[in-house]
Each structure stands twice: as C-alpha cells, then as structure tokens.
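K.L.:
With the sequence up front, the predicted model follows.
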Amino acid sequence: MRRILVLLPLLIFVGLAIFLWRGIGQDTTTIPSPLLGKPVPEFSLTSLYDENQMMSSADFTGPALINVWATWCPTCKQEHSQLNRIARDEGVTIYGINYKDDRIKAQEWLDKYLDPYAKNVFDPNGRLGLDLGVYGAPETYLIDAQGIIRYKHIGEVNERVWQTLKAKMQALEGGA
Amino acid sequence: MTLRACFIGLLVLLSQTGYAAIDTYEFRDELTRERFQALSAELRCPKCQNQNIADSNSPIAKDLRDELFRMLDSGASDTAIVDFMVTRYGEFVLYRPRVSSQTYVLWYAPVGLLIIGVAVVIALTRRKKTTGKSAEKEGLSAQEQQRLDALLKQDQDKDA
C-alpha cells in the first residue's frame, strides 16, 4: 500500500505526460461543427446569376457538396480546378455559396475559371455564412439526400480531401 | 530616481490593456455597452483562436461583434446570445465553458486536487505530531541517561 502511495506522484506525472504528449501536433485550427446532423439553415437570398431569382434551403437537394467561396479568397482559387474536375468527371453536384463577395466580380471569375456549381447563392453580408458557422473560406459541406449536413471540411479541397469526401458520399449512398 | 522612472514607465506599459479593435457602435445605454464589452471579451474568435472577438481584427470577429451588437440592440438576453453563438460555432466559442458532462473535469478537477492536497498535508502533519509525541514519551531510560552523562563527563575530562 505504502509503495503504491510513494509511486503515485510518478504515475500521475506519467499519465499527464502521455495526455499532453498526445496533444502535440494535433490540428487545433479545425473546430468541430455543431451543425453536423442538422439540416442546412433556412435562408432567403438571391441567386448569384440572377438578382431577381430568390433561393432557399430547399434549392439544395442532396446528396451534394456545398462550397463556400469568394473571389477575395486565395485558397478558393487554388481549389477551383479540383472542384471543376469533380463536377465534370465525377458527376458530383456542387452548390456554391458566394460569401461576402461582389456579384460582378464573382460572375467574371466564373466566366474566366469555369463554373463547377449547379446553383450559386449570393450571400453578400455573410448572413448564411454566419448561420452555417463559416469562419474561414473555403469551407465545404456534405449534405445527404434529406439535406442534412453530414460532414464539413475547412480549407482547400485537394485530391486527398476529395477522396475522403468521396468515401463519405459513397457511404451515404450505401446507407440510404 | 532613474529606477523609479523605469518603474513608472513599466507600469504605464503594463496598463495598456485596451481593446485592439475599435468600432463605432451607438449603444442604447451604459448597461448595454457594459454587456457588449463583457460578452465580446468572453466570446472566442473562431479564426484566431487565442483572441476574443473584442481583441481580434479578423473579418469573422468583426461579423460576430456586429451580430452581438445587433442582438443586444434588439433586446436579446445574454443566454440567448451565447446560445446563438454556440449553435453556430460550438462550445468552442466560449472562453468560459459551460458546466456539462464534458467539462466536469475542467471545472471540478482543481477543487478535487485542492482537497487531495489539503488531505495529504493534514495527514503528514498529523503523522509528524504523533511520531514526535511518541519520541518524547519514549525519551531516554534511566540507564541510557546515566550512560549519556558518563560519556559527556568523559569528554569534558579529556578537554580539561
């Protein structure tokens, strides 16, 4: 009994050391979204292509990806060709949320770099972005056939991330 | 004199804890301004995680400050505002986490450790006291005392 008591500080130290050591190098910039498992928030905004056309969350029919993007966001440009490829070659529906951007600039960008989006919502004040918990464009959400958010990725969608998204989408289809 | 000047300089430097971001909000009253300052100091910026939204200049922090102001202005309660932020950005935005099954360790571990520490200190002092007492009780037997006196005397004799 006494021996255990003498060893106790050492055991506590080792336990704490292991706990803290595991935290080193962990990604702390990605915060888990509380919206997972919840439907896309209600909104009423115009389409990026036509300011007279109103859009709502009913426009997002899954399974699909929702990509939050803007012309002022350098990483959005980086991932754009990958999004084009996914939409064209893999037949994935991608909806866009043009986040805190300029309508003309956004339209010009899509003319110039091609348009992977099936539909595009224009969110100039970031209201929808706020409801979605967006804090750093680009962000990409995966919604299922019921319009429920199943996964969120913050940052560029590169080939590795796309493989993850693809696996998740296939799992959804298999499950449904 | 120069030392005093240095101290005063240091104090002046250290007292500069003002908010980095400056917005021009027109508050309804002083209470609303205080609530705004308290809430914006307690809400964490999701993008720049070691700053609260009052301190941060990032666009998202500005958006959250605007939203905070808008909600305060429309008469929302503090809990409603905190709930609003948490449903969008998660528990993460709270610098002062709420008490839940996930944060019991966070909230109660320090108290628990303090209790354990106090218990250990009490146990140790008690043990010391009892061992001290028993030593007193035991003391030296008459025979031992005699021997000690003899040895001391022997020493004195040698010195002399």
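P.N.:
Arrived safely, thanks for sending.

K.L.:
Is B:Ile81 in contact with B:Met71, as I believe?
P.N.:
Yes: applying Cβ atoms under 8 Å as the test, B:Ile81 and B:Met71 come out as touching, 5.0 Å apart. Any C-beta I mention is one placed from the backbone N, CA and C, and that applies to glycine too.

K.L.:
and the one helix or strand A:Ile86 maps to, anywhere near chain B?
P.N.:
Using DSSP states H and E, A:Ile86 falls within helix A:74-89. No: for helix A:74-89, no contact with chain B is found by Cβ under 8 Å from any Cβ of the partner chain; the gap never falls below 13.3 Å.

K.L.:
Could you look up the next helix or strand downstream of the lowest-mean-pLDDT helix or strand in chain B?
P.N.:
Within chain B, confidence by mean pLDDT, DSSP states H and E is lowest for helix B:2-14 among all helices and strands, at a mean of 67. Scanning forward in sequence from helix B:2-14 by DSSP H and E, the next helix or strand is helix B:30-42.

K.L.:
remind me, longest helix of chain A?
P.N.:
helix A:2-23 (DSSP state H).

K.L.:
what's the spacing between that helix and its chain's center?
P.N.:
Offset of helix A:2-23 from its chain centre (Cα atoms, centre = their mean, to the nearest Å): 39 Å.

K.L.:
again, but for stretch A:136-155
P.N.:
4 Å.

K.L.:
buried set for that stretch?
P.N.:
Neighbour-count burial for stretch A:136-155 flags A:136-144, A:147-155 (criterion: 16 or more other Cβ atoms under 10 Å in any protein chain shown).

K.L.:
Is any residue of the helix ranked longest in chain B near chain A?
P.N.:
In chain B, assigned by DSSP H, the helix with the most residues is helix B:104-138. No: using Cβ under 8 Å from any Cβ, helix B:104-138 stays clear of chain A, with a minimum separation of 9.7 Å.

K.L.:
picking that back up, partner strands of the next helix-or-strand element following the longest helix of chain A, parallel or antiparallel?
P.N.:
Heading C-terminal from helix A:2-23, the first helix or strand you meet, by DSSP H and E, is strand A:44-46. Strands that pair with strand A:44-46, judged by DSSP bridges, come out as strand A:54-56 (antiparallel).

K.L.:
Just checking: what are the partner strands of whichever helix or strand comes after the strand it pairs with?
P.N.:
Using DSSP H and E, the helix or strand that follows strand A:54-56 in sequence is strand A:64-69. Its sheet considered, strand A:64-69 pairs with strand A:94-99 (parallel), strand A:139-143 (antiparallel) by DSSP bridges.

K.L.:
Point to the residue nearest the middle of the chain.
P.N.:
Picked chain A for this. Of all residues in chain A, the one closest to the mean position by Cα atoms, centre = their mean is A:Thr140, 2.3 Å from it.

K.L.:
Switch to chain B, please.
P.N.:
B:Pro110 (9.6 Å).

K.L.:
Next one: that one from chain A, what distance?
P.N.:
Applying Cβ to the nearest Cβ, to the nearest Å, the value for B:Pro110 to chain A is 14 Å.

K.L.:
show me the contacts for that residue.
P.N.:
Not one residue lies near B:Pro110 by Cβ atoms under 8 Å, 6 or more residues apart in numbering or on different chains.

K.L.:
backbone phi and psi for the residue nearest to B:Ser56 when sequence neighbours are not counted, please?
P.N.:
Leaving aside its sequence neighbours, B:Ser56 sits nearest to B:Cys45 (Cβ to Cβ, 6 or more residues apart in numbering or on different chains; 4.1 Å). Here is the backbone geometry of B:Cys45 (degrees, to the nearest 10): phi -70, psi 130.
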